[in-house]
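>>> coordinates only, sequence not included:
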């Protein structure tokens, strides 16, 4: 059962991580700063998950990246593109609607004796 639960939990988290990352890229962030911001909100993401996700979002033209070489250690910064900002707002709206509906369903289950 725990293997099934882990698989379902991973599946559930996949979409939420994309939305969480997009939400933090309204201002430019580099990988480590993004991990810290997300962890500060209770969302744990491995760098081995984050960087492929950022590359995919860039390929989908939702984010753009640029290198900052002004410090001793070059950093690649990511930020929402105009298209990405538009998509983020629509995804956020869809998430809020789905979360509200799902909450209502789950709360109804608790009233029926399910916890």
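Right, received. Where do you want to start? Just so we're clear, the structure is a prediction, and the values are computed from it rather than from any experiment.

>>> got the contact list for stretch 54-67?
Contacts to stretch 54-67, defined as CB atoms under 8 Å, 6 or more residues apart in numbering, come from residues 18, 21-22, 25, 28, 31, 74-81, 83-84, 87-88. Any C-beta I mention is one placed from the backbone N, CA and C, and that applies to glycine too.

>>> burial count for residue 47?
Residue 47 is flanked by 11 other residues according to other CB atoms under 10 Å.

>>> shift numbering so it begins at 380
Will do, 380 is the new start, and the previous item becomes residue 426.

>>> ok, back up a step: keep only those of the contacts of stretch 433-446 that are in helices.
397, 400, 401, 410, 462, 463, 466, 467 (DSSP state H).

>>> The first one reaches residue 432, doesn't it?
Yes. A contact is recorded between residue 397 and residue 432 when judged using CB atoms under 8 Å, the distance being 6.6 Å.

>>> Report the mean per-residue pLDDT for stretch 417-424.
For stretch 417-424, mean pLDDT rounds to 95.

>>> what comes up buried for that stretch?
417, 422, 424 (16 or more other CB atoms under 10 Å).

>>> Quick one: distance of it to the chain centre.
Here the centre of stretch 417-424 is set off from its chain's centre by 10 Å, with CA atoms, centre = their mean, to the nearest Å.
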